[in-house]
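# Any chance you could fold what I've pasted below:
(chains A and B)
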Protein chains: 2
Amino acid sequence: MENVKVVSYGIGVIGRRLANHLLTKEGVEIVGAVDINPAIVGRDLGEVLGRDKLGVVISNDADRVLSETKPDVVVHTTMSYLRQTYDQFVQILRHSVNCVSTCEELSYPYATEEGAAYAEKLDKLAREKGATLLGTGINPGFLMDTLPITLTGVCTKVNRIYVTRQMDAATRRIPFQKKIGAGLTVAEFRRKIEDHEITGHVGLEQSIKMIADALGWRLDGIRVDPVNPVVLDHDATSDAIKVPKGYNAGTKQKAYGIRGGEAIITLDFRAYIGAPEEFDSVVVDGVPPINERTSPCVHGDHGTIAMTANMIPRVINAEPGFKTMKDLPVPHATPVHMRKYLK
Amino acid sequence: MENVKVVSYGIGVIGRRLANHLLTKEGVEIVGAVDINPAIVGRDLGEVLGRDKLGVVISNDADRVLSETKPDVVVHTTMSYLRQTYDQFVQILRHSVNCVSTCEELSYPYATEEGAAYAEKLDKLAREKGATLLGTGINPGFLMDTLPITLTGVCTKVNRIYVTRQMDAATRRIPFQKKIGAGLTVAEFRRKIEDHEITGHVGLEQSIKMIADALGWRLDGIRVDPVNPVVLDHDATSDAIKVPKGYNAGTKQKAYGIRGGEAIITLDFRAYIGAPEEFDSVVVDGVPPINERTSPCVHGDHGTIAMTANMIPRVINAEPGFKTMKDLPVPHATPVHMRKYLK
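Residues are numbered from 1 along each chain as shown, chains lettered A, B, ... in the order given. Alright, predicted model coming up:
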């Protein structure tokens, strides 16, 4: 069976982990790599990944890579916002190439007017070019949207949905621990929030809007609380960072889908060093009531890499256009030759 | 907006509950009812449901009902095996009408050669007639197949899957409690098993095969253990049935998807009076490992009714043909006007 040919667009932290994973997968072949980082452009992807040479040179010329390699799909892991990634998707789609992206805002652009306008243009282009575009990942993309939506399928009535993700940041990579301001004083943390150096989780609005649209709920609005520090009454520590009592251990943030002055969807996101339990939970106040919990929580990086790789066949099989997780058949692992999952 | 017109085919316990639920739903109209039970044929469906008259007379002539009412979809809740229901599906599809059925074997007929042959014929007919047919329900249909499949989407590697459903039968309807032989001596229980009066859960093979096919796993075989009694070391009781210590409290049954002499998929089904906890759980031995639990377990009848009603728009929207839950977009609740979910 022929391999599925993939171009890796974005060779940052997630892009490298994803590429390493794809290289272990039967029936997947990385035929090209794109990044703009001058430190790695012109180098062999295998070497950058700390492996043997692959004969794939990282290029900053996406058009050329796509023309020369004619891949079945691009896996795209560059940035979080559509205003940063829109031109990249246009470029990929113009080559009539399918794309699975971890761009958080792409997971459900309809959360904002600006995003909806981007989505409309991307959908039109994708249809014209016969390609499929999907935004996915573990969160947004699964834990706080696709999974709660799926679980409501067993309900005859849904009043409210409450989704929690609680992570012990000590189990995550050090850049993530720094990103959430672990080990800072609360004053330092607040200054970094003001300076947009700490931004909190990207995707809460998108997840809420995806749930609401799947259920047909019209919301009066979506409210996202400011990112809050987490101050523990005891010392906590990771391999890399000490968080003395009274210092900031990480972030917590809630977001709400509001109707009639009431939060009918609540997303409750917590990531800090020293969290007493790691879990993902979905509580549906409905008939029957649903009280679902995954413990420990799904590891963020592993989960995002898995979702991106596992959605490749769903995206190749789909009708052309821009798709979201709620439009495609249920996700699944892809442990055998990738071609086996193609229609 | 126009209502979605539904014919209710099968007015037994589940059919009645489903009809009662559909009557509460905005944008759904029951336009016809079919059953062969002489005690209710010719009676008004509303009256049989213990409500006001609906002007819908229960008929044993499905062809006539389908011709006269031209529904958008049939909800079908008659029997568990395709050899019992095949002719009914042929009849429905010949009218070019979509159908959502709770027939357990239809949820994934490919588990047996006989089932696969039925599925092939139904798929061909459905395509010819431009209609869509789906088998679903809470189990099979969701808890032990669609949900585990969906959860593997976050895994880069899957070694083994273990799914458990543990129900306290005391919370279920009395016919269910009798169906599992609660309150019998173990000898009486075994005799009823031999006489096929107690059959255990229908659908374990189907769920295993659906998981294996979604993941692309080739199995050496599927093994279904005999239905076993559950004997407690204490008295247990429901509203209706006493289970003295040493008597049978219900059933337990396991089924395995085998490869290389090893169970890579295990379904562990337990329903008995006095179960210490009600839960549904999915454990994936993989990367990352997944340990998911819904507690209490999803109520079987509510869940089946919900899944059947909620899949109506997915089935109407789908391409013609015979579909299974793994082929269709993720399920979701349908709390607003049913027409809102249609393309």
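
# okay, now residue A:217: neighbour count?
19 (other C-beta atoms under 10 Å in any protein chain shown). Backbone N, C-alpha and C define where each C-beta goes, glycine included.

# and what of the one 10 residues further on?
Using other C-beta under 10 Å as the criterion, residue A:227 is surrounded by 20 other residues.

# Apart from its neighbours in sequence, what residue is nearest it?
The shortest distance from residue A:227 to any residue other than its chain neighbours is 3.6 Å, reached at residue A:200 (C-beta to C-beta, 6 or more residues apart in numbering or on different chains).

# Repeat that for residue A:154.
Residue A:154's closest residue in space is residue B:303 (C-beta to C-beta, 6+ apart), at 4.4 Å.

# do residue A:123 as well
Nearest non-adjacent residue to residue A:123, counting by C-beta to C-beta, 6+ apart: residue A:322, 3.8 Å away.

# contacting residues for the residue in the stretch 201-343 of chain A positioned nearest to chain B?
Checking the stretch 201-343 of chain A residue by residue against chain B with C-beta to the nearest C-beta singles out residue A:331 as nearest, at 2.8 Å. Counting by C-beta atoms under 8 Å, 6 or more residues apart in numbering or on different chains, residue A:331 touches A:142, A:146, A:307, A:310, A:311, A:314, A:325, B:150, B:152, B:153, B:154.

# same question, residue A:70
Residues near residue A:70 by C-beta under 8 Å, 6+ apart: A:5, A:97.

# What separation is there between the residue most central in space within chain A and chain B?
Per C-alpha atoms, centre = their mean, the C-alpha nearest to the average position across chain A is that of residue A:137, at 3.2 Å. Distance, residue A:137 to chain B, using C-beta to the nearest C-beta, to the nearest Å: 10 Å.

# How about residue A:29?
With the distance defined as C-beta to the nearest C-beta, residue A:29 ends up 17 Å from chain B.

# Do I have it right that that residue meets residue A:7?
No - in terms of C-beta atoms under 8 Å, residue A:29 does not count as a neighbour of residue A:7; the distance is 10.4 Å.

# Comparing these two, which residue is more hemmed in?
Set residue A:29 next to residue A:7 and count neighbours by other C-beta under 10 Å: residue A:7 wins out with 27 against 18.

# Residue A:325: what secondary structure?
Secondary structure state of residue A:325, per DSSP: H, G, I helix; E, B strand; the rest coil, is coil.

# Can you report phi and psi for it?
Residue A:325 adopts backbone torsions of phi -60, psi -30, taken as degrees, to the nearest 10.

# what about it, how many neighbours?
Taking other C-beta under 10 Å as the neighbour definition, residue A:325 ends up with a count of 29.

# So it sits against residue A:142, correct?
Yes - checked against C-beta under 8 Å, the pair residue A:325 and residue A:142 is within contact range at 7.1 Å.

# and for those two, which residues touch both?
In terms of C-beta under 8 Å, 6+ apart, residue A:325 and residue A:142 are both contacted by the residues A:136, A:331.

# Looks like residue A:44 contacts residue A:51 (just checking).
No - checked against C-beta under 8 Å, the pair residue A:44 and residue A:51 is beyond contact range at 9.4 Å.

# ok, residue A:230 - how many residues close by?
Neighbour count for residue A:230, taken as other C-beta under 10 Å: 24.

# does it count as helix, strand or coil?
Secondary structure of residue A:230, reduced to three states by three-state DSSP: strand.

# What helix or strand is residue A:322 located in?
Following DSSP states H and E, the helix or strand that holds residue A:322 is strand A:321-323.

# who's in contact with that strand?
Everything outside strand A:321-323 that qualifies as a contact, by C-beta under 8 Å, 6+ apart, is A:119, A:122, A:123, A:126, A:127, A:132, A:133, A:134, A:315.

# rerun that using 10 Å as the cut-off
A:89, A:93, A:99-100, A:106, A:109, A:118-128, A:130-136, A:311, A:314-315, A:327, B:329 (C-beta atoms under 10 Å, 6 or more residues apart in numbering or on different chains).

# so how far is residue B:224 from the closest residue to residue A:26 other than its chain neighbours?
In space, not counting the residues next to it along the chain, residue A:26 is nearest to residue A:337; the distance is 4.6 Å by C-beta to C-beta, 6+ apart. With distances defined as C-beta to C-beta, to the nearest Å, the gap from residue A:337 to residue B:224 amounts to 29 Å.

# And for residue A:160?
Here the criterion is C-beta to C-beta. By it, residue A:160 lies 39 Å from residue B:224.

# hey, where'd the helices end up in chain A?
Per DSSP state H, chain A carries helices over the ranges A:13-24, A:45-48, A:62-69, A:82-94, A:113-129, A:146-151, A:174-179, A:186-194, A:204-215, A:300-310, A:312-317.

# Thanks a lot, see you next time.
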